[in-house]
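**Student:** here is the input, now give the coordinates:
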Amino acid sequence: MYAKMLSASVVGVEGRLIEVEVNLSSGLPQVAIVGLPDPAVRESVERVRAAIQNGGMTFPLDRITVNLAPADMRKEGSAYDLAIAAGILSASGQLPKERLDGVLLIGELSLSGEVRPVPGVLPMVERARREGLRRVIVPRACVAEARLIEGIEVLGIASLGEWKQGPRGAGSVGNACSDAPESVGEPAATEAFANDVDLADVVGQTHGKRALLIAAAGKHNLLVVGPPGTGKTMLCRRLPTLLPPLDDEEALAVTKIYSVCGKLGGRQGLIRRRPFRSPHHSISVAGLIGGGTVPKPGEVTLAHHGVLFLDELPEFTRGALEALRQPLEDRRVTIGRARGSTAFPADFLLAVSLNPCPCGYWGFDGDRVCTCSAAAVARYRSRLSGPLVDRIDLQVEMPRQSGRGAPSGEWTSAWARERVAEAIERQKARYRNSGIRWNSELQGRKLAEFARLAPDAEKLLAGIYDRLGLSHRAHDRILKMSRTIADLAASERIEAEHVAEAVRYRCLDKPASDPPGFTSQNGK
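**Tutor:** This next block holds a predicted model:
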């Protein structure tokens with residue numbers, strides 16, 4: 001006696017269909033699961049046995065073989081429980097096979113027969129729709145999440161006992177979720193901007209606010225350096241309030257990632273607010289980039305289409321910081337293992353803050369005097385490699401404010417968001433059908449085509465390139481920032497003043513005669 005059911009797993013952040021084949025034959029009663037299962041899948045035997053019995057049905061006393069195909073892909077997790085139980089019941093004649101033909105089954109079973117939610121339902125259902133399946137059965141708690149995917153019928157099941165209840169049970173598949181919500185409401189349009197913080201909270205620091213505006217308008221990476229208490233962290237935490245809400249494609253991609261990580265929290269719609277991730281400096285390389293025996297997403301993936309903020313950057317391990325170099329360039333992370341590689345999306349805006357030295361007061365005028373030795377300052381800076389810093393577009397100094405002052409009423413998040421939206425619309429019009437959305441994505445011939453300089457601006461940039469000894473990457477980043485500054489000024493051509501302002505945001509590109517990196521101790 002044989003039955004075949006369909007289930008699914010997640011590889012990276014994408015779903016993949018799994019065939020669950022069940023064969024019953026005469027012999028000593030035992031259950032064998034093959035197809036490269038992990039311990040959690042092997043343990044499903046006892047969960048399924050108890051769930052079937054406590055659901056009022058009979059667990060067959062035969063030799064049962066369960067095959068999970070494709071056999072060369074490692075299977076992990078508990079999402080196959082429902083499909084394995086359905087296969088056993090169908091093969092033993094307790095459940096009509098035709099009622100579950102072409103139906104995707106996802107869910108974990110408890111010993112009582114309850115069907116529990118599992119992570120990653122959204123990408124699994126999306127894969128089922130792309131493969132042409134007409135119907136999915138998921139835990140009732142996951143119905144709202146699954147119905148975010150249009151074009152496929154989503155049914156919910158609360159327990160295996162529903163398969164024995166007749167017309168209202170899942171055995172009559174059409175009524176499997178008669179009491180589930182009929183539709184999933186979209187969140188209010190204001191959700192993306194419902195923040196407790198505002199740019200107006202930051203006192204002074206107009207230069208830093210302007211840099212924040214440029215970073216948001218062109219999706220440029222941002223580094224802020226200054227003594228303690230100048231508002232570096234406060235400023236960076238307000239960066240998401242300047243960004244536009246996620247569009248439909250971005251929202252689906254971000255929601256899939258959070259579904260895989262089990263972080264949706266029962267929400268009733270797509271995630272519309274851009275992610276903001278701020279991991280502690282003690283995070284491991286795997287926690288930041290992703291990893292594990294079966295690779296899982298890290299913080300760079302959780303920040304996809306949003307902001308990754310690293311506070312006190314030199315306190316992070318050198319390995320973790322160097323691991324950022326590839327995702328900053330490729331906007332994705334590829335993790336290789338013996339059985340293959342897994343790719344995770346990592347298109348994020350990086351914002352970092354740091355002090356100029358261990359005590360925090362080197363190179364800035366004020367009442368406090370730096371107490372660090374030259375060797376201590378050198379060791380502190382050596383934690384940041386040149387290639388990593390070179391990948392950060394805006395490098396801004398935030399000096400100590402002379403007076404307490406009051407929050408600025410002009411520089412509000414709403415006002416800045418309007419300016420950013422206008423600049424983004426200009427980029428959309430310019431890059432239509434080019435595969436580019438943000439100025440920071442320009443490179444190679446595209447950069448030369450879309451970032452044309454006025455003659456005086458070209459002469460100015462050439463002189464700065466020679467004087468500062470810039471790398472080609474730093475030169476291109478100044479050019480991209482100039483393009484964004486011109487967009488904020490509603491100018492199609494990049495003028496000399498746009499280039500001059502962009503150069504001001506490269507505080508780590510100092511002539512050899514200056515102290516390396518930051519302003520000198522006397523402030524000159």
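
**Student:** show me the shaky parts of the stretch 301-450 of the chain.
**Tutor:** Low-confidence regions of the stretch 301-450 of the chain, defined by pLDDT under 70, span residues 364-367, 402-409.

**Student:** and the strands in it?
**Tutor:** Taking DSSP state E, counting those that start in this stretch as the criterion, the stretch 301-450 of the chain contains strands spanning 307-310, 332-337, 340-345, 349-354, 394-397.

**Student:** please name every helix or strand in contact with the last one.
**Tutor:** In this case it means strand 394-397. Here strand 394-397 touches helix 206-218, strand 222-225, going by 3 or more C-beta pairs under 8 Å, 6 or more residues apart in numbering; DSSP states H and E. C-beta: built from backbone N, CA, C; applies to glycine.

**Student:** contacts for the last one next, please.
**Tutor:** Going back to what we said before, that points to strand 222-225. 208, 211-212, 215, 232, 235-236, 239, 313, 349-356, 389, 392-398, 507-508, 518 (C-beta atoms under 8 Å, 6 or more residues apart in numbering).

**Student:** spit out the contact partners of the residue nearest to Pro327 when sequence neighbours are not counted.
**Tutor:** Distance criterion C-beta to C-beta, 6 or more residues apart in numbering; nearest residue to Pro327, sequence neighbours excluded, is Ala346 at 4.0 Å. Counting by C-beta under 8 Å, 6+ apart, Ala346 touches Val300, Thr301, Ala303, His304, Pro327, Asp330, Arg331, Arg332, Val333.

**Student:** of all these, which comes closest to Ser7?
**Tutor:** Nearest to Ser7 among the contacts of Ala346 is Thr301, at 24.2 Å by C-beta to C-beta.

**Student:** sorry, back to before: quick check: which of the helices and strands packed on strand 394-397 has the most neighbours on average?
**Tutor:** strand 222-225 (a mean of 26; mean count of other C-beta atoms under 10 Å).

**Student:** next SSE after that strand?
**Tutor:** helix 232-236 (DSSP states H and E).

**Student:** other residues contacting the next helix or strand after that following helix?
**Tutor:** Per DSSP H and E, the first helix or strand lying C-terminal to helix 232-236 is helix 248-260. For helix 248-260, contacts defined as C-beta under 8 Å, 6+ apart pick out 10, 13-14, 119-123, 126, 145, 148, 246, 264, 270-272, 275, 297, 301-302, 304-306, 345.

**Student:** report the buried residues of helix 248-260.
**Tutor:** Neighbour-count burial for helix 248-260, with 16 or more other C-beta atoms under 10 Å as criterion, is recorded at Glu250, Ala251, Leu252, Ala253, Val254, Thr255, Lys256, Ile257, Tyr258, Ser259, Val260.

**Student:** stretch 499-508 too?
**Tutor:** The neighbour-count check on stretch 499-508 (16+ other C-beta under 10 Å) flags Val499, Glu501, Ala502, Val503, Tyr505, Arg506, Cys507, Leu508 as buried.

**Student:** so what pLDDT did the first one get?
**Tutor:** Here, the pLDDT recorded for Val499 equals 92.

**Student:** and for Ser172?
**Tutor:** The per-residue pLDDT reported for Ser172 equals 48.

**Student:** what does Val184 give?
**Tutor:** 43.

**Student:** can you check the one 5 residues further on too?
**Tutor:** Reported pLDDT at Ala189 in the predicted model: 42.

**Student:** ok, Lys524 next?
**Tutor:** Reading off the model, Lys524 has pLDDT 36.

**Student:** go on, Pro279?
**Tutor:** Pro279 is given a pLDDT of 95.

**Student:** quick check, it in contact with Val300.
**Tutor:** No. With contacts counted by C-beta atoms under 8 Å, Pro279 stays clear of Val300, the gap being 9.6 Å.

**Student:** common neighbours of those two, please.
**Tutor:** Leu288.

**Student:** so for those two, which sits in the more crowded spot?
**Tutor:** Here Pro279 and Val300 are compared on neighbour count by other C-beta atoms under 10 Å; more neighbours surround Val300, at 27 against 20.

**Student:** verify the contact between that one and Leu308 for me.
**Tutor:** Yes. Val300 is within contact range of Leu308, at 6.1 Å (criterion: C-beta under 8 Å).

**Student:** and the protein, what are its domains?
**Tutor:** 2-175, 191-504 (automatic domain parsing).

**Student:** chain center to the first one, what's the gap?
**Tutor:** In other words, domain 2-175. Chain-centre distance of domain 2-175: 29 Å, with C-alpha atoms, centre = their mean, to the nearest Å.

**Student:** give the buried residues for the longest strand belonging to the chain.
**Tutor:** When the chain is parsed with DSSP state E, its longest strand is strand 14-25. For strand 14-25, burial by neighbour count (16+ other C-beta under 10 Å) applies to Glu14, Gly15, Leu17, Ile18, Glu19, Val20, Glu21, Val22, Asn23, Leu24.

**Student:** please apply the same query to stretch 292-304.
**Tutor:** Buried residues in stretch 292-304 (16+ other C-beta under 10 Å): Val294, Pro295, Lys296, Pro297, Gly298, Glu299, Val300, Thr301, Leu302, Ala303, His304.

**Student:** quick one: end-to-end distance for stretch 314-325.
**Tutor:** Start and end residues of stretch 314-325 are separated by 15 Å (C-alpha to C-alpha, to the nearest Å).

**Student:** buried residues, that stretch. List them.
**Tutor:** Neighbour-count burial for stretch 314-325, counted by 16+ other C-beta under 10 Å, picks out Pro314, Phe316, Ala320, Leu321, Ala323, Leu324.

**Student:** in helices, which of the residues you listed fall?
**Tutor:** Ala320, Leu321, Ala323 (DSSP state H).

**Student:** you'd agree the first one is up against Ile283?
**Tutor:** Looking back up the chat, that one is Ala320. Yes. Assessed by C-beta under 8 Å, Ala320 is found in contact with Ile283 at 6.4 Å.

**Student:** quick one, helices of the stretch 1-150 of the chain?
**Tutor:** Taking DSSP state H, counting those that start in this stretch, the helices of the stretch 1-150 of the chain run over residues 39-42, 44-54, 81-91, 121-130, 143-146.

**Student:** for these, which one sits closest to Ala454?
**Tutor:** Short answer: helix 121-130, nearest of the helices of the stretch 1-150 of the chain by C-beta to C-beta, at 47.1 Å.

**Student:** show me what that closest one packs onto, helices and strands only.
**Tutor:** Using 3+ C-beta pairs under 8 Å, 6+ apart, helix 121-130 sits against strand 2-11, strand 14-25, strand 103-105, strand 135-139, helix 143-146, helix 248-260.

**Student:** per-residue pLDDT, Asn175?
**Tutor:** 44.
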